[in-house]
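K.L.:
Need coordinates for the following:
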Amino acid sequence: MELPNAGALVLVLAATLSVAVAYDPLDPNGNITMKWDVMSWTPDGYVTTVTINNFQMYRQIMAPGWTVGWTWAKREVIWSMVGAQATEQGDCSKFKANLPHSCRRTPAVVDLLPGVPYNQQIANCCRGGVVSAYGQDPSAAVAAFQISVGQAGTTNRTVKLPKNFTLLGPGPGYTCGPAKVVPSTVFLTADHRRKTQALMTWNVTCTYSQHLASKYPTCCVSFSSFYNDTIVPCARCACGCEHKTCARTERDSKRLMSASGKSAVAVPVAARGHANQRQSAAPLLQCTTHMCPVRVHWHVKLNYHDYWRAKVTVTNFNYRMNYTGWTLVAQHPNLDNITEVFSFDYKPVVSYGSINDTALFYGMKFFNDQLMEAGPFGNVQSEVLMRKDDSTFTFRQGWAFPRKIYFNGDECQMPPPDSYPYMPNSAPAAVSALSLLSSAVVSAAFLALLMA
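P.N.:
Residues are numbered from 1 along each chain as shown. This is a model prediction of the structure:
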């Protein structure tokens, strides 16, 4: 049989990986879509409303929030903004009277903070860039702002679409496609008796890749059970160990954080707020063998006649991060028979027709929807009661443990399958063979003793 050309194989594999790198099998249609609606024309440009829709089922944008960027096609400027602001004004020296909000050809735009004056707000703005996951809270999975663009086209034919879109959410990981003109958005008036529509609309779709976001996983999983004393820990250096600063005690963490705070004194006061927010996103971890910011522990707790119960504990090892609006996704064949979840909110994630083996867990509002920083209060936990399916249920061969765990949309590092706690009445093959050999030796010695 003739072997395929090695070069062709490499090309096929590279193409496959480039497509699959931003594909999440548990959320195949998840993306963030930025919609630009031109609402009116101005003497030298247009006014557009930009809406950011998060269609990802379990991946949100946390503080310090999103940053959207693009490159203007010509020499456009931003005259004014409502609901957001450009981080830099740029060189506006050629303007004599009214100065634009931003003259940069590659502006970077961030959300406004809560509490800004009402004349600077529009609907769905001013949340500090925080956007919920669509599966968790669809009403909060959207952000919006308005731009008045100058030195641009003033008709559908003369408008040049921006290009090279970028999205930080809040860190890297998102890749945005080109802007595409789509049918104009239709709006309903407040009394729902009249329809209006945008003068022009284009969409930009951004997809997330965990491989682009981080070289290592950001969480790990450990296991235990009532039927075995073995506790399976997170793998050593599961999230990478090199070049990571860690604190052995809470006192050490305060000392390290105060030292990093002093290094920011030289930053100008006007720029210090946003810089400190970004700096605080760099983790300061508690020293552990796995060096992960977050650990998810799955404990098989109880066995009843018709039900079984598992306890899930999420622990934060990051002294610099509170995870507000956190999400946890678990994949297990018995999650289609959940009877009760005691301390978390729960929604099924059904991505493929009738296959219901994935569950989305998140905190109850004002109770445990915030996972505090590392320390005595840096954990949340709940128990999940599931009805047994007689055709599939078993405690053997690690069946009671999840197949995949995601925290805040990132897949966690699982323990190796051969380390899972096993039933006490079963043993690995090597142990069984050794037991048979020992029995044979003892029997032979006993027979020799009888014949002597």
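
K.L.:
all contacts plus neighbour counts: C-alpha atoms, from now on.
P.N.:
OK.

K.L.:
Which parts of the stretch 301-450 of the chain are helices?
P.N.:
Ranges of helices in the stretch 301-450 of the chain, per DSSP state H, counting those that start in this stretch, are 429-451.

K.L.:
shaky segments in it?
P.N.:
For the stretch 301-450 of the chain, the stretches flagged by pLDDT under 70 are 425-450.

K.L.:
rerun at 50
P.N.:
With pLDDT under 50 as the threshold, the stretch 301-450 of the chain has low-confidence stretches at 427, 429-443, 445-447, 449-450.

K.L.:
I'd say residue 161 and residue 179 touch.
P.N.:
Yes. Using Cα atoms under 8 Å, residue 161 makes contact with residue 179 at a distance of 6.8 Å.

K.L.:
what about the closest residue to residue 197 other than its chain neighbours, how many neighbours?
P.N.:
With Cα to Cα, 6 or more residues apart in numbering as the criterion, residue 197 has its nearest non-adjacent residue at 4.2 Å, and that residue is residue 186. Using other Cα atoms under 10 Å, the number of residues around residue 186 comes to 11.

K.L.:
quick one: the helices in the stretch 151-300 of the chain?
P.N.:
Counting by DSSP H, counting those that start in this stretch, residue ranges of the helices within the stretch 151-300 of the chain are 210-213, 250-262, 269-280.

K.L.:
what residues are up against the residue lying closest to residue 420 once chain neighbours are set aside?
P.N.:
On the basis of Cα to Cα, 6+ apart, the spatially nearest residue to residue 420 that is not a chain neighbour turns out to be residue 398, at 5.8 Å. Counting by Cα atoms under 8 Å, 6 or more residues apart in numbering, residue 398 makes contact with 417, 420, 421, 422.

K.L.:
Quick one: those residues as a markdown table, columns for distance to residue 220 and neighbour count too.
P.N.:
Below are the contacts of residue 398 laid out as a markdown table (distance: Cα to Cα, whole Å; neighbours: other Cα atoms under 10 Å):
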| residue | distance to residue 220 | neighbour count |
| --- | --- | --- |
| 417 | 14 | 11 |
| 420 | 14 | 22 |
| 421 | 17 | 24 |
| 422 | 20 | 21 |
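
K.L.:
nearest to residue 301, of those?
P.N.:
When those are ranked by distance to residue 301 (Cα to Cα), residue 421 comes first, at 12.7 Å.

K.L.:
Could you report the neighbour count for residue 123?
P.N.:
As a burial measure, residue 123 scores 11 neighbours (other Cα under 10 Å).

K.L.:
Could you pull up the residues touching it?
P.N.:
By Cα under 8 Å, 6+ apart, the residues touching residue 123 are residue 144.

K.L.:
Number the chain from 20, please
P.N.:
All right, first residue 20 from here; so that's residue 142.

K.L.:
From residue 199, how far out is it?
P.N.:
Between residue 142 and residue 199 the computed distance is 24 Å (Cα to Cα, to the nearest Å).

K.L.:
next one: residue 412
P.N.:
When Cα to Cα is applied, the distance between residue 412 and residue 199 equals 49 Å.

K.L.:
Equivalent analysis for residue 436, please.
P.N.:
45 Å.

K.L.:
and what of residue 336?
P.N.:
Residue 336 is 42 Å from residue 199, by Cα to Cα.

K.L.:
Among the two, which residue is more densely surrounded?
P.N.:
Neighbours per residue (other Cα under 10 Å) separate residue 336 from residue 199, with residue 336 holding more: 27 against 12.

K.L.:
can I assume that one is in contact with residue 304?
P.N.:
Yes. Taking contacts as Cα under 8 Å, residue 336 lies within contact range of residue 304: 5.5 Å.
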